[in-house]
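# Below: sequence and its predicted model.
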Amino acid sequence: VISKSQGDELFRSFKKQFADGCVKKKTLDAETAGVLWDELASFGSYSFNLSHAVEYSMITFWDMYCKVHYPAEFICASLTYGSETYKDDLIREAFRLGLDLRPPKLGKSKAREWVVINNILYVPFIEIKGFGEKTVEKAEDYFNNKEGFFDKKKKLTKKYLGILDEIKASEDTPITNEFADRIRQYFSFSLFKDNTWKMKKIQEKINLKFDKLNKINFEKKLKGKRYFFVDITKIKFSYKSKKSGGMVYGYVDDKSDSCMIIFNK
């Protein structure tokens, strides 16, 4: 600890005292004690306790065994209990392993835990943007508990029921690229393999002002077209990107006139 935090020189200043003590106690001769002290000093840069190393090796071995023989369960557990930092990497790895991702499903998905059934990964309700702790519990119980239909405390509001309807939470069918694009706004990651690799982020300053009529016209114009967005604000727009040279679609922040656009390469 001294060698690492206060420097090797301070640690080595105790070398003679250590060697003299070993000779006095008749445990080591001066030369052997000096060699041992030099080794101890080198541990300041990096050292690993043997039992600690064995433990890490065993954990790594079992992790890799599970990933090879039970890939779906491994990815599912990692997404549930692992760090948020690695979520995107784990989802890409799930696609690489041939797993299928599906949005939260009533009667199958859990409030906070990822679920795997027949190599299909079901997203938990907590991953839906805007769904808080109480809402996800209601969503999980809504179809699992018959009382949920009649208990006012357990009822979901129209807003959340609308989102569940939009992501087809009551249907369990394979997700398509087009459907993944449409529900992209509700998640921080893509639910379709191609999108995770092909999406590219671009940030540009634009100045757009809409009145209510123009907003409606733009929404009608964009209806049915494929577009991606990160931050849901208030006004949809189409815009010719200066960086890409192509048309992109997204949302504009009506307060700062800035936007984040996502589009296919």
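Looks like it came in fine. Worth saying up front: this structure is predicted, and the values here are computed from it rather than measured.

# what number of residues lie near residue 93?
A count of nearby residues for residue 93, using other CB atoms under 10 Å, gives 16. For every residue, glycine as well, the C-beta is placed using N, CA and C.

# Now for it: which residues touch it?
residue 75 (CB atoms under 8 Å, 6 or more residues apart in numbering).

# biggest helix in the chain by residues?
helix 50-69 (DSSP state H).

# And for that helix, what's in contact with it?
By CB under 8 Å, 6+ apart, helix 50-69 touches 73, 74, 75.

# Now do the helix or strand harbouring the first one: which elements does it pack against?
So that's residue 73. Using DSSP states H and E, residue 73 sits within helix 71-81. The contact analysis (3 or more CB pairs under 8 Å, 6 or more residues apart in numbering; DSSP states H and E) places helix 71-81 against helix 50-69, helix 87-96, strand 115-117, strand 120-122.

# Which of those sits closest to residue 13?
Closest approach to residue 13 among the helices and strands packed on helix 71-81 is made by helix 50-69 (28.0 Å; CB to CB).

# Could you list the buried residues of the closest one?
By neighbour count on 16 or more other CB atoms under 10 Å, the buried set for helix 50-69 is empty.

# quick check: angle from that helix to helix 71-81?
Relative orientation of helix 50-69 and helix 71-81, computed by axes from the mean of the first three to the mean of the last three CA atoms, to 10 degrees: 120 degrees.

# Only the C-alpha atoms, please, for helix 50-69, written as CSV.
Provided in CSV are the C-alpha atoms of helix 50-69 (Å, rounded to 0.1, in the frame of the first residue of the first chain):
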residue,chain,number,x,y,z
LEU,A,50,-3.1,-16.5,-5.2
SER,A,51,-6.5,-17.3,-3.7
HIS,A,52,-8.0,-14.2,-5.3
ALA,A,53,-6.5,-15.2,-8.7
VAL,A,54,-8.0,-18.7,-8.4
GLU,A,55,-11.4,-17.3,-7.5
TYR,A,56,-11.4,-15.0,-10.6
SER,A,57,-10.3,-17.9,-12.8
MET,A,58,-13.1,-20.1,-11.6
ILE,A,59,-15.7,-17.3,-12.1
THR,A,60,-14.4,-16.6,-15.6
PHE,A,61,-14.4,-20.4,-16.4
TRP,A,62,-18.0,-20.8,-15.3
ASP,A,63,-19.1,-17.6,-17.0
MET,A,64,-17.7,-18.8,-20.3
TYR,A,65,-19.1,-22.2,-19.9
CYS,A,66,-22.6,-20.7,-19.4
LYS,A,67,-22.1,-18.4,-22.4
VAL,A,68,-21.1,-21.3,-24.7
HIS,A,69,-23.7,-23.8,-23.5
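
# What residues does residue 140 make contact with?
Contacts of residue 140 by CB under 8 Å, 6+ apart are 109, 110, 111, 125.

# Using CSV, please lay out those together with neighbour count.
As requested, the contacts of residue 140 are exported to CSV (neighbours: other CB atoms under 10 Å):
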residue, neighbour count
109, 24
110, 18
111, 18
125, 26
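
# from these, which single one is nearest residue 39?
Using CB to CB, residue 110 comes nearest to residue 39 of those, at 51.2 Å.

# Can you pull the phi and psi angles for the nearest residue to that closest one once chain neighbours are set aside?
Leaving aside its chain neighbours, residue 110 sits nearest to residue 124 (5.3 Å; criterion: CB to CB, 6 or more residues apart in numbering). The phi/psi pair for residue 124 (degrees, to the nearest 10) reads phi -70, psi 160.

# how about the strands in this protein?
100-102, 115-117, 120-122, 199-205, 228-229, 235-240, 247-252, 258-264 (DSSP state E).

# Look at the residue nearest to residue 121 when sequence neighbours are not counted and say how many residues are nearby.
In space, and not counting its chain neighbours, residue 121 is closest to residue 101: 5.1 Å by CB to CB, 6+ apart. Using other CB under 10 Å, residue 101 has 22 other residues around it.

# for residue 28, same thing?
Residue 28 has 17 nearby residues by other CB under 10 Å.

# Which residues are in contact with residue 128?
104, 136, 163, 167, 186, 187.
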